[in-house]
Structure formats: C-alpha cells, structure tokens
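A.B. asks: predicted model, plus sequence, below.
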Amino acid sequence: MSGKTLRLHIPQWQGGNLEAYHFGAQLLAWLAPAATGPVATVEVAEPDGSGLSWEDGIVARSVLLKQLDRAAQVLRNETPDKVVVLGGDCLVDLAPFAYLNERYEDELAILWVDAHPDVMTPQQTAHAHAMVLGNLMGQGDANFTERVARPVKPERVMYAGLFDMSPAEWTTIERLGLRRATPSQLIDSSQPVIEWLRSIGAKHVAIHLDLDVIDPAQLRSVYFTRPDAAPDAFDGIPQGRMTVPQVVRLLNDVAEQVEVVGLGITEHLPWDAITIRDMLQALPLIGKG
C-alpha cells in the first residue's frame with residue numbers, strides 16, 4: 001500500500017524534563033531526508049530555563065496533554081496512511097501510534113526499539129516519556145490512557161534491544177507477557193522479530209526508535225554521553241548495546257516482511273552541536289560576547 005505519509009515534527013522536551021530534546025528534535029528534522037508528503041509541526045514552547053512544575057505526580061502534565069491533543073488534531077485533520085515522527089522525547093509517539101492502532105485495528109504490530117521499556121507509572125517516575133508504551137496499552141495515568149481510543153494488545157508489542165530494567169518494570173512486562181529480543185539475539189540476525197511478526201499475522205507495523213538503544217560508543221548524541229554528567233550519574237541504568245548497522249538492518253528486514261506504517265525517531269541529544277551553538281552565541285561580533 002502506498003498512500004499518504006505525514007512527516008510530523010514534535011520538538012517536545014517536557015516529557016523528559018530536558019531542554020536539549022527541543023534542539024535535538026529540530027536538528028533531527030533538518031538532517032532527515034526531504035519529505036515526500038505533507039509536513040506538519042506540533043507547537044511546542046521553546047525552553048527558557050525557567051523549569052517545569054510538578055503536577056499530580058507528573059512533571060508538566062498539563063503542557064504535555066495540550067501538546068498531545070495538538071498532535072492528535074493534526075492527525076485527524078491530515079488522516080494519513082503512514083506517519084513519520086521526528087521528536088523530541090519518547091512521549092511524542094503516543095498520539096501517532098494511538099492513531100495508527102485505530103486506523104489499522106488488530107492488523108497493527110508495534111516494535112519498540114529501545115534500551116528501556118517505557119511502561120512506568122507516576123508511582124515510579126515523574127517523567128511521562130518513560131510511560132508512553134504503557135499508555136498505548138491502556139496502562140498508567142488516566143489523563144493519558146483516556147486519549148488512546150483503542151489500546152494496543154500486549155501480544156502485538158515486541159521489544160528489540162531491551163536487556164535489563166528495574167524490578168517494577170520486570171513485573172509489568174511479565175504480567176503483560178511482552179516479547180523481547182535482546183541485543184545479543186540481534187547481533188547477526190533479525191529472525192526473532194521476523195518470527196514474532198509472522199506468529200501474530202501482522203500486516204502493518206509501527207516502529208518506535210529511541211536512539212539510546214545504540215551503544216554510546218557508537219553514537220554520541222544520546223543521553224548517556226551528556227558532558228556535564230557526574231562520573232556515576234548513570235550507574236545502574238541500562239545503556240544501549242546495539243550498533244547503527246544492526247539497527248538499520250533490523251528495521252529494513254522488518255520492512256521486507258511487513259508494511260511499515262509508522263516510524264518514530266526520538267531522544268536525539270546532539271551534545272557537541274549544543275556546545276558549539278552556545279559557544280557561538282557567546283562570541284563577539286557573531287553572538288552576544
């Protein structure tokens with residue numbers, strides 16, 4: 001199926017409470033190949049260093065819900081057959097993937113390519129980007145789940161690149177029976193994912209690609225290479241173990257088997273570009289110096 005493909009830019013940063021996501025999303029949109037269909041940008045307030053408020057267990061709850069509704073309205077107006085999302089924190093995929101699951105009903109599969117499961121609740125974290133997949137399955141905070149008209153069935157979800165998580169996340173994954181292929185299982189073959197797609201009879205797939213699934217030694221534009229982080233800042237937090245070629249091979253292998261109708265690329269954090277941008281702004285003649 002060909003159809004209409006919408007390129008959706010969502011430079012959302014509040015879901016991870018990290019201002020760098022905003023610039024990262026903008027740069028990602030600039031780097032991406034030219035769109036072959038319509039392009040839309042969801043309005044997101046630029047960060048100004050003022051910080052975000054804690055609202056009933058979630059940072060920036062009201063702002064995130066407004067942005068979620070804006071994205072949903074764009075999708076209703078455009079009615080695309082396929083969606084490419086360039087974000088922003090992981091929460092940007094909530095409205096587009098919910099839309100696609102409504103459109104394709106029980107024929108849609110979701111492949112979550114991520115080093116983290118994104119099934120937390122406000123009892124476990126205040127950052128909504130770590131809740132997005134749970135919300136898509138009807139799990140978690142009511143303000144977010146009520147915006148998913150047709151929850152995704154857990155058997156139609158699989159992780160790729162996930163290898164460790166917190167005890168609470170393990171409990172949720174085991175309760176829901178979510179499938180996963182670890183980085184070691186995907187080193188030379190995409191077969192575990194292909195077999196899952198065949199087993200559920202998937203005709204369409206939406207792919208969430210969190211760039212932090214990639215080994216920080218392979219890609220420096222991820223959270224774990226943050227230059228101002230303390231040496232022990234990421235102790236105990238799983239970091240990506242896949243390579244860029246492995247991710248590219250996996251997604252293309254999937255596309256050969258099942259029609260890809262959604263691709264969300266998230267959590268781009270170009271620390272070096274941010275450093276240079278800030279340096280230029282501070283210099284004389286060209287900036288504020």
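C.D. replies: Nice, thanks for sending it over. What you see is a predicted model; the values in this text were computed from it and never measured. Residues are numbered from 1 along each chain as shown.
A.B. asks: mind listing the strands for the stretch 101-250 of the chain?
C.D. replies: Ranges of strands in the stretch 101-250 of the chain, per DSSP state E, counting those that start in this stretch, are 108-113, 157-160, 179-181, 204-210.
A.B. asks: shaky segments in the stretch 151-289 of the chain?
C.D. replies: Residue ranges of the stretch 151-289 of the chain with pLDDT under 70: none are present.
A.B. asks: could you save the strands of the stretch 101-250 of the chain as CSV and add columns showing mean neighbour count?
C.D. replies: From N, CA and C alone the C-beta is placed, and that goes for glycine too. Below are the strands of the stretch 101-250 of the chain laid out as CSV (neighbours: other CB atoms under 10 Å):
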stretch, mean neighbour count
strand 108-113, 26
strand 157-160, 26
strand 179-181, 21
strand 204-210, 25
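A.B. asks: wait, which of these is closest to F23?
C.D. replies: F23 lies closest to strand 204-210 among the strands of the stretch 101-250 of the chain, at 17.5 Å (CB to CB).
A.B. asks: in its sheet, which strands sit next to that closest one, and in what direction?
C.D. replies: strand 108-113 (parallel), strand 259-266 (parallel) (DSSP bridges).
A.B. asks: centre of the chain to that strand, how far?
C.D. replies: Relative to its parent chain, strand 204-210 has a centroid offset of 9 Å by CA atoms, centre = their mean, to the nearest Å.
A.B. asks: alpha carbons of it, in PDB - could you do that?
C.D. replies: What follows is strand 204-210, C-alpha atoms only, in PDB (Å, rounded to 0.1, in the frame of the first residue of the first chain):
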ATOM      1  CA  HIS A 204       1.300  -3.400   9.400                       C
ATOM      2  CA  VAL A 205       3.900  -2.300  11.900                       C
ATOM      3  CA  ALA A 206       4.700   0.900  13.700                       C
ATOM      4  CA  ILE A 207       8.400   1.200  14.900                       C
ATOM      5  CA  HIS A 208       9.500   3.300  17.800                       C
ATOM      6  CA  LEU A 209      13.200   4.000  17.600                       C
ATOM      7  CA  ASP A 210      14.700   5.500  20.700                       C
END
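A.B. asks: show me which positions of stretch 148-157 end up buried.
C.D. replies: Burial within stretch 148-157, assessed by neighbour count using 16 or more other CB atoms under 10 Å, is assigned to 148, 150, 152-154, 156-157.
A.B. asks: on that earlier part again, out of the strands paired with strand 204-210, which is closest to S166?
C.D. replies: strand 108-113 (16.4 Å).
A.B. asks: what residue lies at the spatial centre of the protein?
C.D. replies: The centre of the chain sits closest to C90, judged by CA atoms, centre = their mean, with a distance of 3.2 Å.
A.B. asks: where's the nearest residue to that one once chain neighbours are set aside relative to S50, distance?
C.D. replies: Take C90 and drop its neighbours on the chain: the residue closest to it by CB to CB, 6 or more residues apart in numbering is H129, 4.2 Å away. With distances taken as CB to CB, to the nearest Å, H129 is found 20 Å from S50.
A.B. asks: go on, V148?
C.D. replies: Distance from V148 to S50, counting by CB to CB: 31 Å.
A.B. asks: with N17 instead?
C.D. replies: 12 Å.
A.B. asks: what's next to the helix or strand in which L68 is found, contact-wise?
C.D. replies: Using DSSP states H and E, the element containing L68 is helix 61-78. Defining contact as CB atoms under 8 Å, 6 or more residues apart in numbering, one finds that helix 61-78 is touched by 4, 6, 8, 10, 12, 14-15, 38, 40, 42-45, 52, 55, 58, 83, 91-92, 94-96, 98-99, 128, 143-144, 147.
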